[in-house]
Structures are given as structure tokens and as C-alpha cells.
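> Take a look and give me a structure for this.
(2 chains)
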Protein chains: 2
Amino acid sequence: MSEKEKQIKLGLFLAPQGHHLAAWRYPSTASSELMSFDYYHKLAQTAERGKFDMLFFADNYAFAESFPEAAAQTVPIRPEPITLLSALAAVTKHIGLAATASTTYNEPFHIARKFGSLDHLSQGRAAWNVVTSADQAEAMNFHSDAHLLHALRYERAEEFLNVVKGLWNSWEDDAFVVDKDEARFADSSKLHTLHHKGKWFSVRGPLHLPRPVQGFPVIIQAGGSEPGKELAARTADVIFAAWQTLEEAQLFYSDIKGRVVKHGRSPDDLKIMPGVFPIIGRTEAEADEKQKELEELIPQEAGVRLLSTLISFDLSPYPVDGPLPKLPELEQVNGVKSRFTLLKDLAEREGLTIRQLYKRIAGARGHREIKGTPVQIADQLEDWFRQGAADGFNIMPPYMPGGLEEFVDLVVPELQRRGLFRTEYTGRTLREHLELSRPPHPAAQR
Amino acid sequence: MSEKEKQIKLGLFLAPQGHHLAAWRYPSTASSELMSFDYYHKLAQTAERGKFDMLFFADNYAFAESFPEAAAQTVPIRPEPITLLSALAAVTKHIGLAATASTTYNEPFHIARKFGSLDHLSQGRAAWNVVTSADQAEAMNFHSDAHLLHALRYERAEEFLNVVKGLWNSWEDDAFVVDKDEARFADSSKLHTLHHKGKWFSVRGPLHLPRPVQGFPVIIQAGGSEPGKELAARTADVIFAAWQTLEEAQLFYSDIKGRVVKHGRSPDDLKIMPGVFPIIGRTEAEADEKQKELEELIPQEAGVRLLSTLISFDLSPYPVDGPLPKLPELEQVNGVKSRFTLLKDLAEREGLTIRQLYKRIAGARGHREIKGTPVQIADQLEDWFRQGAADGFNIMPPYMPGGLEEFVDLVVPELQRRGLFRTEYTGRTLREHLELSRPPHPAAQR
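Residues are numbered from 1 along each chain as shown, chains lettered A, B, ... in the order given. Here you go, the predicted model:
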């Protein structure tokens, strides 16, 4: 790999209907097929044809607060990630499969098993997007009325990750001998019982699953907060954060890579892949036209509601063509703190009204929005890649399947022409696609 | 359906290597492929070629107590059921997919989503085998050192089931209008928020998943205990119990059907499908030979260990060629009470030693063992079916894939010749295969 020019990594950030709030109203969107496996099968085939590193499926465990009204105008349904990605594992060969699961509302034993099993069934293509859940509404589906405080969620997340990795190490890689004559299926000296007793979890182990094909499935994190950054620097393989400007992204990139090194890892051990929302036209005018069309399809209520959710503050009582009201201090926000700051700063910097702000974020939801011809899109990706802002990107098509097809058919070939992106899969596992090493078993390091 | 002769229902009770304790040592068993998706894909294709109603995958959340030693001689690994069956959904068309999940160590919100999602992805082929977990070792992988008492487990299970069904009813069947012009994705008046607050769970809902294709995925239960029978009579679609003799099975069958009626359901609303372990030979001598070969492959330690687990009592200190020691009273057993009784009675009735008993149960583990030519096997199935002991059977091949292939190629055609089993799938969903009606949404019953 060292002789070759560094390559951009690409994830498909899969939103069933596309990422724009009004995507389901876009004329070409297959909005009645959002629970049909055939639909996702075709999307995955398209992404694999585009040689994407992985398919990334976000998740949370509740509607936003404002149902049933919200349900009327947006898409309130989607498949569950583990079931969907397991099904897609059966009909794809190369692409990585990243599912989201929360450390706040799951058990480490189940998560270790499900992702470990997905890694085996997909022959080494599983990834776990670790989230801590930021929504009060999610708490109410799991016993508790109160959402865990931000700092405690991260403390729990770190212990959760340790338990899961410990369970994945239950068996050494060469533990299975399968000797029929000698009646020896496994070498029991290579079985390790975890006996974990911590503040949050008590899990004995071992796991009744061999060590995952990748050692550990790829660990993805998103958190842009201080504890989120520290956790990622210590434990993540991929980080997925939201940045609007090159400067912010560069600052974040060097901050994170510095922390990675501080924790004794190589900078290449953690790939930074910010979200990018591309509006692609064959001409600039066509791209502008598409953007305008999407913006006009946003129902006003749905726009205000989305913005309220992202900023963790109810904006519905305020005039939609006026400025943001006075917002609480950052310390009082028990949601995604980084998103709160990003949106508040953006509104102040550009003097946006509530309506202007929701139109601005109704696509990328705070991630970077890029627009133009395939060459212009490629320029913008290359720019961040070459200038130390990103190792790759999580592509967020505005509408589906069209937005993905355009990216695969128009932008990917342009990146390939520039030598920035693979023309064929060369690796077998997701770790190989991402140029991440396979974590050895602790017993093999002695 | 009423004009047609009643048909036998068939499940494939999938044990990766086969059900016999020594299956992995059987010469034709693909024991090195037990984590390979291709292996399960072929098994599912064979079962679908055999027109099985469903594929049934058991599960628990721990090894038996005695690892690492146990791991050496048996098969201590397998895929996780939700991931495996979701993957199989993508490559099968007709067969039902039944996964086990415990109500003691899961959250209703996750279970409702996963099985609901599997039902959508498979277009109506999901089933949930509801278990309450009977093993102390499982408790230790989920916070608690003490396993929940038997009666409390069933109380929790019933509330769990109610919550899950409530979540599946979040949306009425016709809630989705997907009107792009009017910006109306869903009819929010058809969305129902659960607001459940009970002794065990507090779950607000709603679920962000449309009502499952089957209304509810098929609900399977196994419990042979008194609370298990009552729960099944009220809430299950299929019951799977272990019986050795026709008389026991008939008694159970009429007991359960009576309870079903008492709870206001039709006897046909609950299908009784006991487990059957068939040893098939082209001749009787060949079948005898196979059984002997399997018995001789059992490592003695593994045999004693299995028996100890099934009977919830450690037999390792006792002479293997002596009788069972004095066992505790039934009330003190915090495991599978029905299995304890069955094994104790069997040993007493036939005066078996520990070794003789473990050989007897090393295949069927307490389920019915039948042996012979395809005609003799079909006779034994037909006998129970016609004499009011079973609506169908959960077939437990001794070794895989051979035991399944023999059943499909030799026994299924014999059942078909007798008009007792379908020659083609006529239904689309698992409920249709099993001749179970689709539960209507409560709002549609008003």
C-alpha cells in the first residue's frame, strides 16, 4: 500500500428515502417501497458497483417528540439495522455493512454477539456505529423517564466497548481444531472467560461465537463533544463528524489525529470520514434547480420541527421568518452538543431566519453540503482530502435511489480518473478496504 | 381449506451440526463450516425444497456451566439467530423463519422492532420463539448473579408479549398514504402510542415500523410447565413440547386445546408441533447401524455433562454405570421443570444407568426419537398426527446436512404420497403455511 497514492474512503450514509427532509416527495423517490427488501438490495448493489467501502445505516430508538403530527409529513418508518444489514450481507460480496447501536439502551452481550455474528456471516464486513443516544424520547421506550446525562453516557459507552471487545476475544483465533477422531472440537486452553465486573456491567462471558473474522468489527463513532473525541481517539477505527467549513474540519482532523497519537496509536489507525451531502447536476444550473426543487418541497411545520430537534429547543412558538430566539447555554443541552453549537453559530454568522436555517439544514442536517457538476463535486472532495480535513467521506444522497446512482455513475468515475479512488475492490474485509489492521488477540501479543 | 384433508405442518429444528450430541463427529458432517453463511444457505435451500413450513433456530445466552472443558468435546459456537435468519430471508422465498429470543434478558422495544423488521424483509415469514431462559449461566451475562424464579419469568414474559404486540399495533394496516402532492406520508390518526406502564416495563412507543406483514409474526412457545401451558393457550400460535409416548402427547394435546378454547380461541388457532428426532435408513438395519455409530461417538464426559444440564443436577460425581442418584424435589428445580420430570420418569420406568440414559437422550434430548425406513418414519408421524397427538412436527435431524437431506428426499415424498403434506407452497406467509389467521388491528375490530 505504501507505494500507492493514498485513496479516498467512501461510505454510503444510507437514509431509506435520501437525506433531504423532503426527499420522499421528490418525484423519482420510491417512497412506497421503503420497507421492501428488494429496494435495499438494489441500493446495496448500486453502492457496490460504485466500489464504496461501506454502507452506513444510522438509527435511533424513537420518533422525535412531536408525533403523531410529525409522522404525517416525514418518513416515520424504516427497517431495523441489524436485520436489514444481515439480509444485505447475503446478497453482497464486497461492501462493508455498518449498523448503528446504542450503548445506553443495549446489553454488551447481545451487541457482541450480533455484530460478531454479522462479521462471520459477511466474511469480515461488519462495522458497529457506536452511539450513546441523545434523545429523551428514546429513554421512554426503555423503562426510564429520564435520559442519562451526557457525561455518564460516555462513561457507560467506554465500559460497554471494553466488555464487547473482551467478549469478542473469548476465543483465540486458532482455538478451533475440529478433530473428529480425537473428539476435540476446540482447544479449551484458548478459551478466555471475561469475568467483567465494572460500574455499569457485570458480564461473565465467554461468548459462544468464534473471534470475528476482522478480529473486531470496525468501530465507528460520531461524537464531536470532548468526551466523544477522547473516546474515539482511544477506541474508534472511523470517526464521522459534521463540519461545514474546511477550517473547522482541518482543526478537528489535526486535533483528533493528535489525540490518537497521544494514546499510542498511529494516525492512520483512525479514519476521519465527515458526512457530505452532494447535489449533483450535469450542469451547475441543473444542480441549483434540484436544490430549489427540494427546498420547495419542505412542509413548513416539518422544517421547524427538524430544526427544533437538531438544536434541542422547541422553535414552533417563534415567527418562522424571524431570527432564532435566545437559546439556552451549551451546558444545559442534554442532546448532541456539537450540533447545537454548529447550528447556533451558522445562524449568527450568516444572520439566518428560522426558515432560512431549516432550508439550509433540511438536506445535510449540519453536515457539509456540496453542489455542482461531477467535476466540481470531485474537486470539493479532493480539496478536503488533500488539505488534511478528511480521510474519506460519508456520502449522503439527497434522494434515493437517484442521488446514489448519480454519485456512482458521475462522481465515482471522476475520482477514479484522478487516481483517488479504487477501480476494483482489492481487499476482502472492510478493514482491508479501509486500510485498518486486524487487531490481534491479546494472547497472541504475549 | 375445509374441503381438503388436514395437512401435517413441518418445522426444521435447526441445530448447526445436527441434534445428536456427537453429530459433529459424524463422518459426513461439515463441522468446519458452522460459521459459514453458505452452509446455512444450502440447509435453508434443502428445507425449502422439502416444502417445510419453517426453519426454527433455538438459542440461549451462555454456555452450560462447565466450560472450558465442555467446549473441547462439543460444539460451543453458532451464529446469532436474528442475524442468521435475516440473512437467510434474503436468499429464500417461501420458508418461515423462526428465531428464539428470551423475554428475561431482552427489551420489548428491540424485540418488537427486530421481529417486525424481519417480517417485512421476508414478506411475512417471521416467527418468534418466546423463551424465558432457564439457565443460571445466562443470568451472569446480564448484570444479575441470580436467575429469575420460574413463576416471575412467566409473569414477565406475559407482560413482555403484551408490550411487543402493542408496539406492533403502533400503526394501523392502512396508515400509509404516501401522497407526494399533498405532503402526506402517513395518516397520523392511524398512529397509536402505547403508553405502557406495568410491573415489569414502562414503554411509551410508538414503533417506527409499519404493522408487520403478518399482523404479528408467528408466536411460538415451548413451555410444558403449568404457567407455560397457560401462557401458550392464551398467546401462542405454535407450541413445541417434548413427549416420548403417544399417550403423554395425546394428553398434552387435548389439555392444551381445551385451554385454548377456554380462552375464547378456536382449537386450530394453536398448532402443536412436538419435536421428533428421526434416524432414517434405507433399511431397518441401516437405521440401527446409524444409531449405534452415533452413540459410540459420544465422549463419556460430554454425555454426563449434557444429562446434568438437562436434568438441572450435576451427575459427574456418580458412577456412570450406576443408577441416577436421589434427585431434588420438582419444586426446587429452577430450570426446565418438564424436562426434569420426563428424564427422571424415563430412568425409573426403564431402570436406566447414567450411561444408558445419556445415550438415550444424546440425540433427541428428551424429544421423541423415531427410527426406521422412510415408510416406517412416515407411519410414526402419521400415527401421532391422526391420533390427536400433534398438528405437525419439529424435525430434528441427527446430523447435518445429511439427516435433513434424507428427510427431504425420502420421508417428505412418502408423506406427500399419502396426501399428508403439501407438494407446493400454496400460501405466501408463514401464517398462511400454518393455516393461522392474520390478527386484525384492534382499531379494525371496532
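
> lowest average confidence, helix or strand, in chain A?
helix A:69-73 (a mean of 77; mean pLDDT, DSSP states H and E).

> Buried ones in that one, by neighbour count?
Using 16 or more other C-beta atoms under 10 Å in any protein chain shown as the test for burial, helix A:69-73 gives A:70, A:71, A:72, A:73. C-beta: built from backbone N, CA, C; applies to glycine.

> Generate CSV for the residues you listed, with distance to residue B:369 as supplementary columns.
Shown next, in CSV, are the buried residues of helix A:69-73 (distance: C-beta to C-beta, whole Å):
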residue, distance to residue B:369
A:70, 56
A:71, 53
A:72, 57
A:73, 59
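
> Can you name the residues in contact with the host helix or strand of residue A:369?
Here residue A:369 sits within strand A:368-372, counting by DSSP states H and E. With contacts defined as C-beta atoms under 8 Å, 6 or more residues apart in numbering or on different chains, strand A:368-372 is touched by A:242-244, A:249, A:274-281, A:284, A:287-288, A:291, A:360, A:363, A:376-377, A:380-381.

> same thing but at 10 Å, please
Applying C-beta atoms under 10 Å, 6 or more residues apart in numbering or on different chains, the external contacts of strand A:368-372 come out as A:19, A:242-246, A:248-249, A:274-281, A:283-284, A:286-288, A:290-291, A:360-361, A:363-364, A:376-381, A:383-384, A:389-390, A:393, A:396, A:398.

> my guess is residue A:62 contacts residue B:209, does it?
No. The criterion here is C-beta atoms under 10 Å, and residue A:62 misses it with residue B:209 at 11.9 Å.

> follow-up on the earlier one: out of the contacts of strand A:368-372, which are inside strands?
Among the contacts of strand A:368-372, DSSP state E puts A:275, A:276, A:277, A:278, A:279, A:280, A:393 in strands.

> Please identify which two of those residues are farthest apart in space.
Between any two of the ones in strands among the contacts of strand A:368-372, the greatest separation by C-beta to C-beta is 15.8 Å, found for A:275 and A:280.

> got the buried residues for the top helix by length along chain A?
Assignment by DSSP state H gives helix A:150-168 as the longest helix of chain A. Using 16+ other C-beta under 10 Å as the test for burial, helix A:150-168 gives A:150, A:153-168.

> filter the residues you listed down to the ones near chain B?
Among those, the ones lying near chain B by C-beta under 10 Å from any C-beta of the partner chain are A:163, A:167.

> re earlier: tabulate the CA atom coordinates of the longest helix of chain A in PDB.
Extracted in PDB, the C-alpha atoms of helix A:150-168 (Å, rounded to 0.1, in the frame of the first residue of the first chain):
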ATOM      1  CA  HIS A 150     -24.100  13.300  28.600                       C
ATOM      2  CA  ALA A 151     -21.000  12.600  30.700                       C
ATOM      3  CA  LEU A 152     -22.500   9.400  32.200                       C
ATOM      4  CA  ARG A 153     -23.500   8.100  28.700                       C
ATOM      5  CA  TYR A 154     -19.800   8.300  27.600                       C
ATOM      6  CA  GLU A 155     -18.600   6.600  30.800                       C
ATOM      7  CA  ARG A 156     -21.100   3.800  30.200                       C
ATOM      8  CA  ALA A 157     -20.100   3.700  26.500                       C
ATOM      9  CA  GLU A 158     -16.500   3.200  27.300                       C
ATOM     10  CA  GLU A 159     -17.100   0.300  29.700                       C
ATOM     11  CA  PHE A 160     -19.600  -1.200  27.200                       C
ATOM     12  CA  LEU A 161     -17.000  -1.100  24.400                       C
ATOM     13  CA  ASN A 162     -14.400  -2.800  26.700                       C
ATOM     14  CA  VAL A 163     -16.900  -5.600  27.600                       C
ATOM     15  CA  VAL A 164     -17.800  -6.100  23.900                       C
ATOM     16  CA  LYS A 165     -14.200  -6.400  22.800                       C
ATOM     17  CA  GLY A 166     -13.500  -8.700  25.800                       C
ATOM     18  CA  LEU A 167     -16.300 -10.900  24.600                       C
ATOM     19  CA  TRP A 168     -15.100 -10.900  21.000                       C
END
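
> Run the chain-centre distance for the following helix or strand past it.
Per DSSP H and E, the first helix or strand lying C-terminal to helix A:150-168 is strand A:176-179. Relative to its chain's centre, strand A:176-179 lies at 38 Å (C-alpha atoms, centre = their mean, to the nearest Å).

> Dihedrals phi and psi, the residue in chain A sticking out farthest from the centre?
Distance from the centre of chain A peaks at residue A:181, with 47.0 Å (C-alpha atoms, centre = their mean). Note on residue A:181: its backbone torsions stand at phi -60, psi -40 [degrees, to the nearest 10].

> residues near residue A:169, how many?
Residue A:169: 24 surrounding residues under other C-beta atoms under 10 Å in any protein chain shown.

> where does chain A have low pLDDT?
A:1-4, A:64-68, A:144-148, A:223, A:334-335, A:446 (pLDDT under 70).

> sorry, back to before: can you verify my assumption that the residue farthest from the centre of chain A contacts residue B:299?
No. Residue A:181 lies out of contact with residue B:299 (C-beta under 10 Å); the separation is 12.0 Å.

> Need the overlap of contacts for those two.
Common neighbours of residue A:181 and residue B:299 (C-beta under 10 Å, 6+ apart) are residue B:25.

> Give me the distance between the closest residue to chain B within the stretch 201-350 of chain A and residue A:163.
Going by C-beta to the nearest C-beta, chain B is nearest to residue A:204 of the stretch 201-350 of chain A, at 4.1 Å. For residue A:204, the distance to residue A:163 (C-beta to C-beta, to the nearest Å) stands at 11 Å.

> What is the burial count for residue A:398?
30.

> Please name the nearest non-neighbouring residue to it.
Nearest non-adjacent residue to residue A:398, counting by C-beta to C-beta, 6 or more residues apart in numbering or on different chains: residue A:20, 4.3 Å away.

> burial measure for that neighbour, as a count.
With other C-beta under 10 Å as criterion, residue A:20 counts 30.

> what about the strand or helix carrying residue A:253, distance to the chain center?
Per DSSP H and E, residue A:253 falls inside helix A:246-262. Helix A:246-262 sits 18 Å away from the centroid of its parent chain (C-alpha atoms, centre = their mean).

> Since that was my last question, I'll sign off now.
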